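[1] what follows is a predicted structure for the sequence shown.
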Amino acid sequence: MGGEKNAKGDEKAKHKPTKLKRLSDHESAAGDKASTKNSAKSLKSTEKTHNGRSQMKGKTPKKDSVKTASSPSEAVKQEQEDDDFTTKQRGLKRKRIKDEPMEGPSHSTATPSSSSKRKRNQHRQEEECDEEAPKKSKKKTEKTVKKEEGEHLISKKAKKTKTEIEEAKQLKIKKKEEEEQSRWRWWEEEKYEDGVKWKFLEHKGPYFPPEYQPLPDNVHFYYDGKKVKLSLAAEEVALFFAQMLDHEYTTKTVFRENFFTDWRQEMTDEERKLIQDLDKCDFGELSAMHKAKVEARKNMTKEEKLAVKEANQLIVDEYGFCLLDQHKERIGNFKIEPPGLFRGRGEHPKQGMLKKRIQPEDVIINCGKESCIPVPPAGHRWKKVQHDNSVTWLASWTENIQGLIKYIMLNANSKLKGEKDWEKFEVARKLKSRVDDIRNQYNKDLKSKEMVVRQRAVALYFIDKLALRAGNEKEEGESADTVGCCSLRVEHITLHEKLEGNECVVEFDFLGKDSIRYYNKVPVIRRVFKSLTLFLESKKAGDDLFDRLTTSILNKHLSALMPGLTAKVFRTYNASITLQQQLKVLTNKSDNLAEKILSYNRANRAVAILCNHQRAPPKTFDQSMANLQAKIESRKEQLSLAKSELKEAKKEAKTKGSDPKLQQLVERKKAAVQRCEEQLLKMEVQATDREENKQIALGTSKLNYLDPRISVAWCKKMEVPVDKIYNKTQRDKFAWAIDMTEEDFEF
DNA sequence: CAACTCACTTAGCAGAGTTCTA
DNA sequence: TAGAACTCTGCTAAGTGAGTTG
């Protein structure tokens, strides 16, 4: 997988923005007061950020350093240029990004209106427990509504259906209200004192995966052509391997060797003596059995599927929630990870190793002192039960591959996660008010004679300009060879005095998190270029580019500049500020809904490109694109047909005088043409959006880097329903933002 | 200060679930 | 109304960064 992906990355890399022009003083658009209904309860870490911020606009050397804004917009432009061919073909006129500065500073005057502090809604447990049933019925009613709407055009039962529709609507509204009611509006409450995450926490403990079911008698494993009955433990592991046989990674040497070693550990002495060579193992029947099972599951009847679903729901109901400070909260991952073969990302040295089954004896439980302690599965006991309210996790265990601790924590829509998320964006907003100074500082530091300082400055320049990750060092041989900023090595950059018409170009080529390739050619300021030359002096491939620098040095420096500032804050800041800016540049109030959404996606895309969030092109991409194109073509034909019909009708109406019937016909034809045009436009917009999105993943930035208040404010301003931008899960996660943000919010 | 531990965020993918289309 | 297309969710790996220890 990883390899494939990288190869794709290669291709993709060529489309990456190479020219990085500066947009303008994006920071000038600063009105940075929060416009939130209830910032009365301001986050502790936030203080009142925006006082006496010395902007030093103009006289700073930031000209070259401020790319953050320009680069992504440039990326969009580039994307658009790449796409021009198809665009022209489709005759779709697209918006271009102007190089001009954005409109002047928009002074958001919105004062933190003292919050209309609604009383905390005490949650009603019984109702929530029952959540599922009404939800289902709601869906059903929705469907019937649709159906009936269609029917009622032809049938005479209109009266009856009308009332039913009305009822359904009422039900829907009521349901929504109820949901609102039961939602914990934690953002309107006081925060706990430092370090305290909760006061009461009760849960059922994790859910364990089912025990291994031995193979049926008619399924056999063969070694060297001979039937071998394996011990239970060995058999289970053999089946793990058999299940993966379709993946190309089972052909990789590292994977096979790791697997074989670990598998033999599970064997009895006898088995170990016999089974010496993986190539002589025949997993054919096991594999076939597995495939049959998958197939059977797919072919289950509706009822069977429903039964499975209900059974799963029961598990969720029992284990999927906890009680936290009198509120029922959803747990994010309440299931213990099942055993299997480890498959890391990229060229992971431990791929193929056996991920062992976790027993209750491996699990630490964390819960409130006064809560009911979860009961371990029969015949078992927990490793430990603790009551530490300075952490957010409910259970943890140590995984055997890398010895890392795994946690069971709450869902993203929980208070604990939401509050932290909010805080994160507040820190990033604070950076916004300080970023000019910080940029000045590192630009000065670029001249420093002290090596650490100089390296720190260059690293910071990269982190700020390119949104690189910090790049903690990692143990060799423990994981795939990937790097971030501070861990860049000599072989990851190439310096070009001149390249493609630009001077001082740095060419990056390395594998980052998840072994995703980062490839980019970036013109940098002379001082950075010179420093890099210096850093590279007398170093060879394999040596660290920043040999005096670590993430911890860098972060210490940053936190001295601004409390709470770390390397990753730059990523958040630059992502969010880019979105806000791009939205301003790209959307007009007069656009129609589809165009607005396209613009939003483009702004989102600019961020995704900045953060290098890639995805493998969907397997069906080419096909679905072709289908869409075909649809567009046929719609075009329809349109020209409709047009000629309209002409005809007009002519007739003219020649034959003012027959009202003919006038009517003209009107009808006109409407048809218009409808056709609208549909065509919609499709073309859709095609453009999809094409541009081929290898870009928008989800990650949307979920983790973009301050939701920017999106919510934009929706309000543009009169776009929030659910066009966020799905249900996302709306839940960002409920705090949706609730408190007003139209004039500025990041 | 280096190595390690711990807690928490960020990440892409597979497969399930939902919607669209012929 | 099936099957294709698309979207969402769960899963779990892989980061970040603070704190601890020796």
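    Right, received. Where do you want to start?

[2] for chain A, which helix is longest?
    Ordering each helix of chain A by length in residues (DSSP state H) puts helix A:621-655 first.

[3] tell me the angle of the helix or strand just after that helix relative to helix A:621-655?
    Later in the chain than helix A:621-655, the nearest helix or strand by DSSP states H and E is helix A:660-692. Orientation check (axes from the mean of the first three to the mean of the last three C-alpha atoms, to 10 degrees): helix A:660-692 against helix A:621-655 gives 160 degrees.

[4] figure out how far the next helix or strand after helix A:660-692 is from the centre of its chain.
    Downstream of helix A:660-692, the next assigned helix or strand under DSSP H and E is helix A:699-704. Centroid separation for helix A:699-704 versus its chain: 3 Å, with C-alpha atoms, centre = their mean, to the nearest Å.

[5] who touches the helix or strand that helix A:699-704 is followed by?
    Later in the chain than helix A:699-704, the nearest helix or strand by DSSP H and E is helix A:708-718. With C-beta atoms under 8 Å, 6 or more residues apart in numbering as the test, helix A:708-718 has contacts from A:35-36, A:425, A:576, A:579-580, A:583, A:587, A:589, A:591, A:596, A:600, A:720-722, A:724-726, A:733-734, A:737-738, A:740-747. Where you see a C-beta, it was placed from the backbone N, CA and C, and this is true even at glycine.

[6] for the longest helix of chain A, which helices and strands make contact with it?
    Helix A:621-655 sits against helix A:660-692, with contacts defined as 3 or more C-beta pairs under 8 Å, 6 or more residues apart in numbering; DSSP states H and E.

[7] what mean pLDDT does the helix it packs on have?
    Summarised as a single mean, pLDDT over helix A:660-692 is 79.

[8] next, the buried residues of that helix.
    A:662, A:665-666, A:669, A:672-673, A:676, A:680, A:683-689, A:691-692 (16 or more other C-beta atoms under 10 Å).

[9] stretch A:644-654 too?
    Those would be A:Leu646, A:Ala649, A:Lys650, A:Ala653, for stretch A:644-654 by 16+ other C-beta under 10 Å.

[10] and stretch A:376-394, by the same measure?
    For stretch A:376-394, the buried set under the neighbour-count rule, 16+ other C-beta under 10 Å, comprises A:Pro376, A:Trp382, A:Lys383, A:Val385, A:Asn389, A:Thr392, A:Trp393, A:Leu394.

[11] between these, which is nearest A:Ala234?
    Nearest to A:Ala234 among these is A:Lys383, at 26.4 Å by C-beta to C-beta.

[12] surely that closest one touches A:Asp362?
    Yes. Counting by C-beta atoms under 8 Å, A:Lys383 touches A:Asp362, with 5.8 Å between them.

[13] the longest strand seen in chain A close to DNA strand B?
    Longest strand in chain A by number of residues, with DSSP state E as the criterion: strand A:502-511. No. Between strand A:502-511 and DNA strand B, judged by C-beta under 7 Å from any atom of the strand, nothing touches; the nearest distance is 11.6 Å.

[14] now do stretch A:618-637
    Yes. Stretch A:618-637 is in contact with DNA strand B by C-beta under 7 Å from any atom of the strand, via A:Lys631.

[15] and the pLDDT at A:Gln276?
    What the model reports as pLDDT for A:Gln276 is 96.

[16] rewinding a little: redo the buried residues of stretch A:376-394 as CSV? Include secondary structure and pLDDT.
    CSV is the format used below for the buried residues of stretch A:376-394 (DSSP: H, G, I helix; E, B strand; the rest coil; pLDDT from 0 to 100):
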residue, secondary structure, pLDDT
A:Pro376, coil, 94
A:Trp382, coil, 94
A:Lys383, coil, 93
A:Val385, strand, 93
A:Asn389, coil, 91
A:Thr392, coil, 92
A:Trp393, coil, 94
A:Leu394, coil, 94
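
[17] for those residues, which one is nearest DNA strand B?
    Using C-beta to the nearest atom of the strand, the shortest approach to DNA strand B within the buried residues of stretch A:376-394 belongs to A:Thr392, at 3.6 Å.

[18] from A:Leu324, how far out is that closest one?
    Separation of A:Thr392 from A:Leu324 (C-beta to C-beta, to the nearest Å) stands at 9 Å.

[19] ditto for A:Gln582
    Distance, A:Gln582 to A:Leu324, using C-beta to C-beta: 37 Å.

[20] flag every residue of the stretch 251-400 of chain A that's near DNA strand C.
    Within the stretch 251-400 of chain A, the positions near DNA strand C by C-beta under 7 Å from any atom of the strand are A:332-333, A:335, A:337-338, A:340, A:342-346, A:348, A:355, A:399.

[21] can I get these in a markdown table with secondary structure and pLDDT?
    As requested, these are arranged in a markdown table below (three-state DSSP; pLDDT from 0 to 100):
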| residue | secondary structure | pLDDT |
| --- | --- | --- |
| A:Gly332 | coil | 91 |
| A:Asn333 | coil | 90 |
| A:Lys335 | strand | 92 |
| A:Glu337 | coil | 92 |
| A:Pro338 | coil | 93 |
| A:Gly340 | strand | 93 |
| A:Phe342 | coil | 93 |
| A:Arg343 | coil | 88 |
| A:Gly344 | coil | 90 |
| A:Arg345 | coil | 88 |
| A:Gly346 | coil | 90 |
| A:His348 | coil | 90 |
| A:Lys355 | strand | 93 |
| A:Glu399 | coil | 90 |
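
[22] most surrounded residue in those residues?
    A:His348 (24 neighbours; other C-beta atoms under 10 Å).

[23] tell me who's in contact with it.
    So A:His348 contacts A:Gly2, A:Val254, A:Phe342, A:Ser479, A:Ala480 (C-beta under 8 Å, 6+ apart).
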